[in-house]
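Student: Dropping a prediction and its sequence here:
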Amino acid sequence: MFLYAPMRLSACLIARDEEETLPRCLASLTGVVDEICVLDTGSRDRTPEIARQHGAKTGFRAWDQDFSAARNASLDLASGDWILQIDADEEIDPTSLEGLRLELENGPPCRLVEVQLLDGTSSPGTVQLARLFRRDARIRYARPVHESVVDSLSQANLPPPSPCSLRLIHHGYKPEFLARRDKHQRNLSILRSARDKAKADAYDFYKLATTLPTWEPSGERQEALESGWNAGMAQPESIRSEWPWWDRFVQAHVQSLFRNGQFSQANTVAQIVLAERNSSNPLTRSACAELNLRAGYPQLALEFCQSALSLLQTGRAHHLLARSDKDEAELEWIAARSAWACNLQDTFLVHVSRSIALGSLDARCLLAGWKISQGTSDGWKDLDLLLRSDSQHPSVLIAASEAALSQGDRSTSDLLLEKASLFPSDAAQRAHCRLWARAWLAGRTPPLNLPPFDFETSAIHGFLAVVRRHPWRPDPFLHVGAIRTALADLLESLLNAGLDEPVRLFASGSLNRDSDLPGIAQLVEAV
């Protein structure tokens, strides 16, 4: 006669100086797991003592800048059939425990756990991570930071992880925790070391790029994205299809490319991934929407937004996708701008209202500006609220600048634009462009130290190149008609300002340049 042996679950965590967060984590494990294993990596506080007070099995390994090595050492402490990897700044959501043991009786040896990332906002993100797996010598952690067991599954010919009901709540992204632990600089140091030792893979480059600031000036971020793309494309598509982070990486890569004026390359990257991931890639579609809007194709941008929103709202997005309300708010904001460019007022109002409901400050600025342009008093009230709550945000400053200009207050408008231009962002780039245009209309000729990040900026680059007899050819992906229209608007503004000389220089310089931009020689005649 054989007796049934109940399956045992071990919780494994690594910790250092976690006396403030560890009690909450361990309390959430009590009565849920059969064993708690805590590996200390050099605490100078009461962390080991607190672990022992909660009945944990403890061990020690000196910290050597390698999370995987520490994680694997924590696994060596465990004796259960299954391992739950949890961090000291996390806790189990007790509402997600029903049926967990039954789930583990069947199915693959590794499960995806939903982790809610509390970040101090009202719209925390969620991510599915491989945190629950059988205790098996073949299942081990890899890479020194942002470690995971997923690579070891494929190396051992084990099936990929599948979702389960368990949910963890992660507190570590709250501002007070980030400031205290300086995770940012620690992770950057580890990732740069892996890169410099030629040990970085596609995921390492992705994490390096997304740990660096979006507007990092040295080009390190863009180089990391390019290296990550090349490393990722060197792998079979069947492997990329199982990477939960790939869509977000592609979104960041495409955005970096078009922000630097590389529209054709951005479109090539996006189209490759769209073809591979078929209909389950809302983040790539979001990047395509912004790409097409900037390139002068607002109707196509709107279609990309609407298809991506459908994927998110109906739950048909890739099941490994980490998403939050911020993704949906961003899509609604791009859709609102696209509808505005298409003169679809009702559609604009629907999307901008949804984006605001999801917490978008940019959408609030957009709607306030639209109301003011329509002559409604609500617009001024909305702008006043924005200035009271977010007076330093560049989008708010630009909205206030446009409002001041509508009242004929040019000096205040310019001061607000100058202030907005100081904060590295898409909004700051728009502020720089407006300041440049105003300077030229005032008879000054400052350089344009910006890449051609949309069709309007490309038109400015073209204007300057033609006037100065420099070579110029816009990116082939940009809408030729949109560039011509932007150029015509610029020339007309110069004429209205009484600045005939630059228009004359443009007229003579544009002769025989139809190969650069069809119809460019006729623009002066048209205005």
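Tutor: Structure's in. What do you need?

Student: Show the model's pLDDT score for the residue nearest to H470 when sequence neighbours are not counted.
Tutor: Take H470 and drop its neighbours on the chain: the residue closest to it by Cβ to Cβ, 6 or more residues apart in numbering is L464, 7.5 Å away. (Glycine included, C-beta is placed from N, CA and C.) pLDDT, L464: 96.

Student: quick check, L464 in a strand?
Tutor: No: using DSSP: H, G, I helix; E, B strand; the rest coil, the secondary structure at L464 is helix, not a strand.

Student: Tell me, how many residues neighbour it?
Tutor: 18 (other Cβ atoms under 10 Å).

Student: Equivalent analysis for R468, please.
Tutor: If you count neighbours by other Cβ under 10 Å, R468 ends up with 10.

Student: ok, it - contacts?
Tutor: Neighbour list for R468: G509 [criterion: Cβ atoms under 8 Å, 6 or more residues apart in numbering].

Student: Distance of the residue nearest to H470 relative to G509?
Tutor: Here the criterion is Cβ to Cβ, to the nearest Å. By it, L464 lies 10 Å from G509.

Student: in whichever strand or helix holds S413, what counts as buried?
Tutor: Element membership of S413, judged by DSSP states H and E, is helix 410-420. Along helix 410-420, these residues count as buried under the neighbour rule (16 or more other Cβ atoms under 10 Å): S413, D414, L416, L417, K419, A420.

Student: swap in stretch 227-238?
Tutor: For stretch 227-238, burial by neighbour count (16+ other Cβ under 10 Å) applies to S227, G228, W229, A231, G232.

Student: could I get those as CSV with distance to S74 and pLDDT?
Tutor: As requested, the buried residues of stretch 227-238 are arranged in CSV below (distance: Cβ to Cβ, whole Å; pLDDT from 0 to 100):
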residue, distance to S74, pLDDT
S227, 31, 98
G228, 29, 97
W229, 33, 98
A231, 29, 96
G232, 29, 95
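
Student: Make a markdown table out of those residues and add distance to Q53.
Tutor: Output for those, formatted as a markdown table (distance: Cβ to Cβ, whole Å):
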| residue | distance to Q53 |
| --- | --- |
| S227 | 46 |
| G228 | 43 |
| W229 | 48 |
| A231 | 45 |
| G232 | 45 |
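
Student: from those residues, which single one is nearest E525?
Tutor: Within these, proximity to E525 (Cβ to Cβ) peaks at W229, which comes in at 44.3 Å.

Student: The closest one: helix or strand, and which one exactly?
Tutor: Assigned by DSSP H and E, W229 falls within helix 220-233.

Student: elements contacting that helix?
Tutor: In this structure, helix 220-233 packs against helix 202-211, helix 246-259, with contacts taken as 3 or more Cβ pairs under 8 Å, 6 or more residues apart in numbering; DSSP states H and E.

Student: What is the subsequent helix or strand relative to the longest one?
Tutor: Following helix 246-259 in sequence order, the next helix or strand is helix 263-277 (DSSP H and E).

Student: and the angle for that next one with helix 220-233?
Tutor: Orientation note: helix 263-277 sits at an angle of 40 degrees relative to helix 220-233 (axes from the mean of the first three to the mean of the last three Cα atoms, to 10 degrees).

Student: any low-confidence regions in the stretch 1-150 of the chain?
Tutor: Regions of the stretch 1-150 of the chain meeting the criterion pLDDT under 70 cover residues 1-6, 122-123.

Student: how does this protein divide into domains?
Tutor: Following automatic domain parsing, one finds the domains of the chain at 9-180, 454-526.

Student: What are the boundaries of the strands in this protein?
Tutor: Per DSSP state E, the chain carries strands over the ranges 9-15, 35-40, 57-60, 82-85, 90-92, 110-117, 125-134, 162-170.

Student: List the pairing partners of the fourth one within its sheet, with orientation.
Tutor: With DSSP bridges as the test, strand 82-85 is paired with strand 9-15 (parallel), strand 125-134 (antiparallel).

Student: Give me the distance between the two termini of stretch 86-102.
Tutor: One end of stretch 86-102 sits 20 Å from the other (Cα to Cα, to the nearest Å).

Student: Also stretch 466-486?
Tutor: Chord length of stretch 466-486, first to last residue, is 14 Å (Cα to Cα).

Student: May I see the buried residues of stretch 476-495?
Tutor: For stretch 476-495, the neighbour count (16+ other Cβ under 10 Å) marks 477-479, 482-488, 490-491, 493-494 as buried.

Student: now, among those residues, which is nearest to L383?
Tutor: S493 (25.3 Å).

Student: who's in contact with the closest one?
Tutor: Residues near S493 by Cβ under 8 Å, 6+ apart: A437, L441.

Student: Which pLDDT value belongs to it?
Tutor: Confidence score, pLDDT, at S493: 95.

Student: Which parts of the stretch 301-450 of the chain are helices?
Tutor: Listed in chain order, the helices of the stretch 301-450 of the chain (DSSP state H, counting those that start in this stretch) span 325-341, 345-357, 361-373, 377-389, 394-406, 410-420, 426-441.

Student: Can you read off the backbone torsions of N512?
Tutor: Backbone torsions of N512, given as degrees, to the nearest 10, read phi 60, psi 30.

Student: Next up, the contacts around P48.
Tutor: So P48 contacts V38, D40, T58, F60 (Cβ under 8 Å, 6+ apart).

Student: So what touches stretch 518-526?
Tutor: Under the contact criterion Cβ under 8 Å, 6+ apart, stretch 518-526 has outside partners 462, 466, 480, 484, 487-488, 491, 503, 506-507, 510-514.

Student: Specify which member of the residues you listed is nearest to T210.
Tutor: Distance to T210 across the contacts of stretch 518-526 (Cβ to Cβ) is lowest for G462, with 33.1 Å.

Student: out of everything not next to it in sequence, what's closest to the closest one?
Tutor: Spatial nearest neighbour of G462, excluding adjacent residues (Cβ to Cβ, 6+ apart): W472 at 5.2 Å.

Student: that older thread, who wins for neighbours among the contacts of P48?
Tutor: Counting by other Cβ under 10 Å, top hit in those: V38 with 27 neighbours.

Student: check contacts around the residue nearest to that residue when sequence neighbours are not counted.
Tutor: Of all residues not flanking V38 in the chain, A51 sits nearest, at 4.0 Å (Cβ to Cβ, 6+ apart). Applying Cβ under 8 Å, 6+ apart to A51 gives the contacts A15, L22, L26, I36, V38, D40, T58.

Student: so the fourth one makes contact with L26?
Tutor: Right, I36. Yes: with contacts counted by Cβ atoms under 8 Å, I36 reaches L26, the gap being 6.5 Å.

Student: Was I right to think L495 contacts V503?
Tutor: Yes: using Cβ under 8 Å, L495 makes contact with V503 at a distance of 5.7 Å.

Student: Please work out which residues outside the helix holding S413 touch it.
Tutor: With Cβ under 8 Å, 6+ apart as the test, helix 410-420 has contacts from 394-395, 397-398, 400-402, 404-405, 427-428, 431, 434-435, 438.

Student: pLDDT below threshold where in the stretch 301-450 of the chain?
Tutor: Along the stretch 301-450 of the chain, segments meeting pLDDT under 70 span 315-324.

Student: And the residue lying closest to Q299 once chain neighbours are set aside, how close does it get to T95?
Tutor: Spatial nearest neighbour of Q299, chain neighbours left out: C342 (5.6 Å); criterion: Cβ to Cβ, 6+ apart. C342 sits 44 Å away from T95, going by Cβ to Cβ.
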